[in-house]
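K.L.:
return atomic coordinates for the entry below.
(chains A and B)
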Amino acid sequence: MNLDQLIKRFQNKDVTAFERLHGMYAENICGVINTIVRNDALAQEICQDVFIKVWNNAESYNPSKGRFFTWILNIARNAAIDQVRSKSYKNSKKNLSADYFVGILDHGSSTESKVDAIGLKKLVKNLKEKCIRVIELLYFKGYTQKEAAEELDIPVGTIKTRNRSCIAQLRKNLKL
Amino acid sequence: MDVQAYIASGILELYVAGLLSEEQNLEVHGHALEHPEIMDEIEQIEAAVLALGKTISPGLPHNFEVIREIIDIQKETKVVELGKKDINWSWYIGWAASVLMAIGLVWMYAQNEGLKSQIQVVENEKQTLEEQINDANTSLEKSKELLNTIRDKNITVVPLGGQEVSPTSYAKAYWNKQEQKVFIDAKGLPEPPDGFVYQVWSLKLNPLTPTSMGLLEDFDLDENKIFALNNPNESEAFGITLEPAGGSESPTLEQLYTLGAVSS
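P.N.:
Residues are numbered from 1 along each chain as shown, chains lettered A, B, ... in the order given. Here you go, the predicted structure:
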């Protein structure tokens, strides 16, 4: 069964289809949430809520308007950002610096995080920092091109091409 | 369409990131359906991002069973859930506070109204008392004036004795010749019957010539029964007769109540 059929069955409230989609995306989506909230337990909690939301809003996904992955990614980012903006989170994370997810590598050992440090290292090796940053902003944090350009202090026109070459590098690493 | 150039533009990466407009999304979707290379590219981009996300995942302790359970519970409780809303405490507290405040306002308003009406009652009492004092003062003033009038040295006092019709009646005339005024003290006269009025006459005796001095109007309403009348006449006697309401041209002598001569 291909992805399109799976999604169609999921939209018809087929729990088995949903289970397979969950298997395909859940781990990744939880990871994206974690890059935003920086708290394993919290990320897991939000991630679970996100998939409940995905199930309950299944009929609102329209394949012609974007990838299924992109749709879930959007829901996840919004949920995580909502959490970050909440007061309780702000209070607990007041002193957290705004560093990037590769920072998780450094903290990983000390916080006994379940982050796949080896896998991450393999993926991001020889990936320049500016690549990691642009990928994180565009995919994990939901920045627009303009917002990312301002954040990284580069012209808007270069975001698109830089992102392309960074993703290309990532794909190369993935095949290793 | 140059598929390779389209792929190289970087638009597909943005498509996966969800950063394109709705219009662009539809366009990319259309091209992807048309050109398998584009679809393939999209899937590979997606796979790369998926892989990166996976490495920073917190290990996914929730397996699908947790989700399945929640979905099942939702299904079972869907009907119940219609009535069961999230308790929005700030909503409740907000309303409770407004209700309390409204009650407080009503209570304070009632208190205020109560005090106002009490003040009103006291005001009314005060006014009544002031009126009474005023009346008393006026009455005292009148009495003093009256006393002064009858004590005036120019006053001639003429007692009028009861006549045949009413032997027990009496009256007094206080005559101030200079001011040509007569005060009749009619306390000794009975109240006139309905439709009748006392009329005071100035009399010349030789020959007997009565001149009307006026009526004792509103007899029953006048408390001290003292009536002031003008008298420009050279009176030799005063008489009071009972006449039909409005008075008469000449006295009805059968109804002569009191009579008294001026002592010279």
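
K.L.:
going forward, measure contacts and count neighbours with C-alpha atoms only.
P.N.:
OK.

K.L.:
tell me which residue of chain A lies closest to chain B.
P.N.:
A:Gly31 (3.4 Å; CA to the nearest CA).

K.L.:
hmm, that residue is touching B:Val49, no?
P.N.:
No: A:Gly31 is beyond contact range of B:Val49, at 10.7 Å (criterion: CA atoms under 8 Å).

K.L.:
which parts of chain B are strands?
P.N.:
Remark: strands of chain B, listed N- to C-terminal, are B:155-162, B:170-176, B:181-185, B:196-204, B:209-215, B:226-230, B:237-244, B:256-261; assignment by DSSP state E.

K.L.:
strands paired with the first one, and their directions?
P.N.:
By that I understand strand B:155-162. strand B:170-176 (antiparallel), strand B:256-261 (antiparallel) (DSSP bridges).

K.L.:
closest residue of the stretch 151-264 of chain B to chain A?
P.N.:
Of the residues in the stretch 151-264 of chain B, the one nearest chain A is B:Leu221, at a distance of 87.9 Å by CA to the nearest CA.

K.L.:
neighbours around that residue, how many?
P.N.:
Other residues within reach of B:Leu221, judged by other CA atoms under 10 Å in any protein chain shown, total 8.

K.L.:
now do A:Arg67
P.N.:
Residues near A:Arg67, counting by other CA under 10 Å, number 21.

K.L.:
how about CSV for the strands paired with strand B:155-162, with mean neighbour count added?
P.N.:
As requested, the strands paired with strand B:155-162 are arranged in CSV below (neighbours: other CA atoms under 10 Å in any protein chain shown):
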stretch, mean neighbour count
strand B:170-176, 23
strand B:256-261, 23
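
K.L.:
now these in a markdown table, with mean pLDDT?
P.N.:
Compiled in a markdown table, the strands paired with strand B:155-162 are given as follows (pLDDT from 0 to 100):
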| stretch | mean pLDDT |
| --- | --- |
| strand B:170-176 | 91 |
| strand B:256-261 | 92 |
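
K.L.:
so which bits of stretch A:157-167 are buried?
P.N.:
For stretch A:157-167, a neighbour-count test (16 or more other CA atoms under 10 Å in any protein chain shown) marks A:Ile159, A:Lys160, A:Thr161, A:Arg162, A:Asn163, A:Arg164, A:Cys166, A:Ile167 as buried.

K.L.:
per the record, what domains does chain A have?
P.N.:
The record assigns chain A these domain ranges, following automatic domain parsing: A:3-92, A:105-175.

K.L.:
how about the helices in the chain?
P.N.:
Here I'm looking at chain A. Read by DSSP state H, chain A holds these helices, from start to end of the chain: A:3-11, A:15-37, A:40-56, A:68-85, A:87-92, A:103-108, A:117-124, A:129-135, A:145-152, A:156-175.

K.L.:
actually it's chain B I care about, not the one you picked
P.N.:
Taking DSSP H as the criterion, chain B carries its helices at B:3-8, B:11-17, B:22-34, B:36-55, B:64-83, B:89-151.

K.L.:
hey, least reliable of those helices by pLDDT?
P.N.:
Lowest mean pLDDT within the helices of chain B: helix B:64-83, a mean of 72.

K.L.:
name the residue of the stretch 101-250 of chain B that lies nearest to chain A.
P.N.:
The nearest approach of the stretch 101-250 of chain B to chain A comes at B:Met101, 29.0 Å away (CA to the nearest CA).

K.L.:
run a quick neighbour tally on that residue.
P.N.:
By the criterion of other CA under 10 Å, B:Met101 has 12 neighbours.

K.L.:
low-confidence bits of chain A, can you list those?
P.N.:
Along chain A, the model assigns pLDDT under 70 to residues A:87-119, A:121-122.

K.L.:
which ones are touching A:Phe68?
P.N.:
A:Phe68 makes contact with A:Ile7, A:Tyr61, according to CA atoms under 8 Å, 6 or more residues apart in numbering or on different chains.

K.L.:
please report the distance of it from A:Leu3.
P.N.:
Summarising the geometry, the distance separating A:Phe68 from A:Leu3, computed by CA to CA, to the nearest Å, is 9 Å.

K.L.:
likewise B:Leu216?
P.N.:
On the measure of CA to CA, B:Leu216 and A:Leu3 end up 123 Å apart.

K.L.:
out of those two, which sits in the more crowded spot?
P.N.:
For the pair B:Leu216 and A:Leu3, the greater number of neighbours falls to B:Leu216 (23 against 12), based on other CA under 10 Å.

K.L.:
and the pLDDT at the more buried one?
P.N.:
Here, the pLDDT recorded for B:Leu216 equals 90.

K.L.:
close enough to count as contact, it and B:Thr241?
P.N.:
No: at 10.3 Å, B:Leu216 and B:Thr241 do not qualify as touching, with contact defined as CA under 8 Å.

K.L.:
buried deepest among the helices of chain A, which one?
P.N.:
The highest mean neighbour count among the helices of chain A belongs to helix A:15-37 (a mean of 23), with neighbours defined as mean count of other CA atoms under 10 Å in any protein chain shown.

K.L.:
near chain A, which residues of chain B show up?
P.N.:
Residues of chain B that fall close to chain A, judged by CA under 8 Å from any CA of the partner chain: B:8-11, B:13-19, B:22, B:25-26, B:29-30, B:44-46, B:48-62, B:64, B:67-68, B:70-71.

K.L.:
buried subset of the residues you listed, written for ChimeraX?
P.N.:
A single ChimeraX command is used to select the members of these judged buried by 16+ other CA under 10 Å:
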select /B:10,11,13,14,15,16,17,18,19,25,26,29,44,45,46,48,49,50,51,52,53,54,55,56,57,58,59,60,64,67,68,71
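
K.L.:
could you measure from the most centrally placed residue in chain A over to B:Val106?
P.N.:
Computing the C-alpha centroid of chain A and ranking residues by CA atoms, centre = their mean puts A:Val32 first, at 2.7 Å. Plainly put, A:Val32 is 56 Å away from B:Val106 if you go by CA to CA.

K.L.:
could the strands of chain B go into JSON lines alongside distance to A:Glu136?
P.N.:
As requested, those are arranged in JSON lines below (distance: least, CA to CA, whole Å):
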{"stretch": "strand B:155-162", "distance to A:Glu136": "125"}
{"stretch": "strand B:170-176", "distance to A:Glu136": "124"}
{"stretch": "strand B:181-185", "distance to A:Glu136": "120"}
{"stretch": "strand B:196-204", "distance to A:Glu136": "119"}
{"stretch": "strand B:209-215", "distance to A:Glu136": "119"}
{"stretch": "strand B:226-230", "distance to A:Glu136": "116"}
{"stretch": "strand B:237-244", "distance to A:Glu136": "122"}
{"stretch": "strand B:256-261", "distance to A:Glu136": "129"}
